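In: using only what follows, build the 3D model:
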Amino acid sequence: MKFGLIVAGQYLRDGSPVVRTREMLEQVRLAGDLGFDSVWMVHHYLIEFQAFQPLPMLARMAAEAGSMELGTAIYVLPLQPPVEVAENFATLDAITGGRLIFGVAQGYREVEFEAMGVPRRERAARFEEGLQLITKLWTEPEVTFKGRFYQVDKASLAMQPTRKPRPPIWIGATADGGIERAAGLGDAWMIGPGVEFGKLRRQLDLYRGALSRLGRPLERDYPIFREVLVAPTDAEARDAARAHLHTKYEAYFSWGYVDTTFEDVVRDAFVVGDPDGCARQIQRYGEELGINYFLARVQWPGVSQDEALRGLRLFGERVMPALRRRDEHP
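Out: Residues are numbered from 1 along each chain as shown. As a prediction, the model looks like this:
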């Protein structure tokens, strides 16, 4: 199993963004020292927290990331013109030395679509058409494309990706239709936070069925994004989860991303506990669902840098090694 760190990039509006930047870079350096495989940033506009945009932040993180890959988890694709996205991410791929993973989704927050002048009802169609155009621009020397929303005539990108034939495309989706779309358009379906274990089993069956129908290989990355709160004792971890995660998930509830209760997601969609308990929970994702790439977010609005670093160290020093030993000696 591989491991990625989701660098939160979202904070209460009570601190200096300059200090927050230094703190995130400290987390990236520590993740590299601990043996993480990748670091990631999320993407939203106009949220209630202080939030860093992923492209400039990942470009800065690349200088600290060593051999780790860098990616977006996820980028809301329909909000931007595909040509701009293609060139910006190709530039980021160059900055990272060809270690970019392009994580995208169609988005869901009405306020973002209104602000960007994009009708929300068009998001799925714009997402699919935009991703098709970006893929062509990244892999073909000259592209003519006549779509419903986007058109180019004999276009060649000014910046081609460093990774060949292109960066991996990971698609975030929660609805069944989006998951089936991910099977046809991407290299992996990125499972988002807050989705319960039982629902995931059914949706992974749906995804693998779509891959089989399309003749696409089942052997691939199966990444999952989970909130992780690891503490020295199980009781301390559960108390901290209720204290620290509630603020973030109140926002998710208000945005319409999560439609169950907070207690439900703590119990069934987060990884919370002492190091041994967290390792067992993650092992279950691998054994029962075939998950082979685990993306952990260990900080949320209101959580201090010291608390985030403690959780990150416990995960990297106690949880990851236990799981890698089990992979070597099942």
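In: which stretches of the stretch 201-330 of the chain form helices?
Out: Taking DSSP state H, counting those that start in this stretch to define them, one finds helices in the stretch 201-330 of the chain at 234-255, 262-268, 275-289, 305-314, 320-328.
In: hey, least reliable of those by pLDDT?
Out: When those are compared on mean pLDDT, helix 262-268 scores lowest, with a mean of 61.
In: ranking helices and strands of this protein by mean pLDDT, which lands last?
Out: Taking mean pLDDT, DSSP states H and E as the measure, the helices and strands of the chain show their lowest mean at helix 262-268, namely a mean of 61.
In: still on that earlier bit, Leu25: which of the helices of the stretch 201-330 of the chain is closest?
Out: helix 305-314 (11.2 Å; C-beta to C-beta). (Each C-beta comes from the backbone N, C-alpha and C, glycine too.)
In: now that closest one - C-alpha only, PDB.
Out: Extracted C-alpha coordinates of helix 305-314, given in PDB (Å, rounded to 0.1, in the frame of the first residue of the first chain):
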ATOM      1  CA  GLN A 305       0.500  22.900  14.000                       C
ATOM      2  CA  ASP A 306       1.800  21.000  17.000                       C
ATOM      3  CA  GLU A 307      -1.200  18.700  17.000                       C
ATOM      4  CA  ALA A 308      -1.000  18.200  13.300                       C
ATOM      5  CA  LEU A 309       2.700  17.300  13.500                       C
ATOM      6  CA  ARG A 310       2.100  14.900  16.400                       C
ATOM      7  CA  GLY A 311      -0.600  13.100  14.400                       C
ATOM      8  CA  LEU A 312       1.500  13.000  11.300                       C
ATOM      9  CA  ARG A 313       4.500  11.500  13.200                       C
ATOM     10  CA  LEU A 314       2.300   8.900  14.800                       C
END
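In: for it, enumerate the helices and strands it packs against.
Out: If contacts are counted by 3 or more C-beta pairs under 8 Å, 6 or more residues apart in numbering; DSSP states H and E, helix 305-314 sits against helix 17-34, strand 223-230.
In: with distance to Gly277, mean neighbour count and mean pLDDT as extra columns, can I get the ones you listed in a markdown table?
Out: Formatted as a markdown table, the helices and strands packed on helix 305-314 follow (distance: least, C-beta to C-beta, whole Å; neighbours: other C-beta atoms under 10 Å; pLDDT from 0 to 100):
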| stretch | distance to Gly277 | mean neighbour count | mean pLDDT |
| --- | --- | --- | --- |
| helix 17-34 | 19 | 17 | 98 |
| strand 223-230 | 8 | 25 | 95 |
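In: quick check: which of those is nearest to Met68?
Out: Proximity to Met68, assessed across those by C-beta to C-beta, is greatest for helix 17-34 (5.7 Å).
In: now that closest one against helix 320-328, angle please.
Out: Compare the direction of helix 17-34 with that of helix 320-328 by axes from the mean of the first three to the mean of the last three C-alpha atoms, to 10 degrees and you get 40 degrees.
In: which SSE is Trp170 in?
Out: In this structure, Trp170 is located in strand 169-172 according to DSSP states H and E.
In: and that strand, which strands flank it?
Out: For strand 169-172, the paired strands and their directions (DSSP bridges) read strand 100-105 (parallel), strand 188-190 (parallel).
In: mean confidence for the very next helix or strand once past that strand?
Out: Toward the C-terminal end, the helix or strand that comes next after strand 169-172 (DSSP H and E) is helix 176-185. Model confidence over helix 176-185 averages 95 on the pLDDT scale.
In: in helix 176-185, which residues are buried?
Out: By neighbour count, with 16 or more other C-beta atoms under 10 Å as the criterion, the buried positions of helix 176-185 are Gly178, Ile179, Glu180, Arg181, Ala182, Ala183.
In: same check, this time on stretch 81-96
Out: Taking 16+ other C-beta under 10 Å as the neighbour-count basis, stretch 81-96 is seen to contain the buried residues 82-83, 85-87, 89-96.
In: try stretch 32-49
Out: Buried residues in stretch 32-49, defined by neighbour count with 16+ other C-beta under 10 Å: Gly32, Leu34, Phe36, Asp37, Ser38, Val39, Trp40, Met41, Val42, His43, His44, Phe49.
In: kindly reformat those residues as JSON lines and extend each row with distance to Val7 and secondary structure.
Out: Rendered in JSON lines, the data for the buried residues of stretch 32-49 read as follows (distance: C-beta to C-beta, whole Å; DSSP: H, G, I helix; E, B strand; the rest coil):
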{"residue": "Gly32", "distance to Val7": "12", "secondary structure": "helix"}
{"residue": "Leu34", "distance to Val7": "14", "secondary structure": "helix"}
{"residue": "Phe36", "distance to Val7": "11", "secondary structure": "coil"}
{"residue": "Asp37", "distance to Val7": "14", "secondary structure": "coil"}
{"residue": "Ser38", "distance to Val7": "11", "secondary structure": "strand"}
{"residue": "Val39", "distance to Val7": "6", "secondary structure": "strand"}
{"residue": "Trp40", "distance to Val7": "7", "secondary structure": "strand"}
{"residue": "Met41", "distance to Val7": "6", "secondary structure": "strand"}
{"residue": "Val42", "distance to Val7": "9", "secondary structure": "coil"}
{"residue": "His43", "distance to Val7": "12", "secondary structure": "coil"}
{"residue": "His44", "distance to Val7": "14", "secondary structure": "coil"}
{"residue": "Phe49", "distance to Val7": "14", "secondary structure": "coil"}
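In: thanks again, I'm all set now.
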